[in-house]
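*Asks:* predicted model, plus sequence, below.
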Amino acid sequence: MSATEDMAMVAQIKAEVRKLSNRNDIYNSICVLEKEEKLNENTKRMIYIPKTPKTPRTVHEVNELYHY
């Protein structure tokens, strides 16, 4: 192999390593996001937050609510 071929091979290897590094970074980011999402879902299931009652918007709705 000549020096030129060696340099081309080194450049190709570096490019492949960069691709793998980028894929690994993306994979790790996705894993972190999925872990956070799962934690949020589990937290929501463990903490009970009752819904607030609906507030009537009009006099007509108040009358219907109290059967006037």
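*Replies:* That came through fine. Numbers count the residues shown, from 1 in each chain.

*Asks:* let me know the distance separating residue 39 from residue 63.
*Replies:* Residue 39 sits 46 Å away from residue 63 when distances are taken as CB to CB, to the nearest Å. C-beta coordinates here come from the backbone N, C-alpha and C atoms, glycine included.

*Asks:* kindly report the same for residue 24.
*Replies:* Applying CB to CB, the value for residue 24 to residue 63 is 64 Å.

*Asks:* run the chain-centre distance for the biggest helix by length in the chain.
*Replies:* For the chain, the helix with the greatest residue count under DSSP state H is helix 3-46. Relative to its chain's centre, helix 3-46 lies at 15 Å (CA atoms, centre = their mean, to the nearest Å).

*Asks:* so for it, mean pLDDT?
*Replies:* Per-residue pLDDT over helix 3-46 has a mean of 87.

*Asks:* just say helix, strand or coil for residue 48.
*Replies:* Following DSSP: H, G, I helix; E, B strand; the rest coil, residue 48 is assigned to coil.

*Asks:* burial measure for it, as a count.
*Replies:* Neighbourhood size, residue 48 [other CB atoms under 10 Å]: 6.

*Asks:* ok, residue 46 next?
*Replies:* Neighbours of residue 46 using other CB under 10 Å come to 7.

*Asks:* what's the answer for residue 39, then?
*Replies:* Residue 39 has 10 neighbours, counted by other CB under 10 Å.

*Asks:* do residue 26 as well
*Replies:* Using other CB under 10 Å, residue 26 has 10 neighbouring residues.

*Asks:* for residue 32, see how far away it is.
*Replies:* On the measure of CB to CB, residue 26 and residue 32 end up 11 Å apart.

*Asks:* with residue 15 instead?
*Replies:* From residue 15 to residue 32 the distance is 26 Å (CB to CB).

*Asks:* same check, this time on residue 3
*Replies:* If you measure residue 3 against residue 32 using CB to CB, the figure is 43 Å.

*Asks:* and these two? which has more neighbours close in?
*Replies:* It is residue 32, of residue 3 and residue 32, that has more neighbours when counted by other CB under 10 Å, with 10 against 7.
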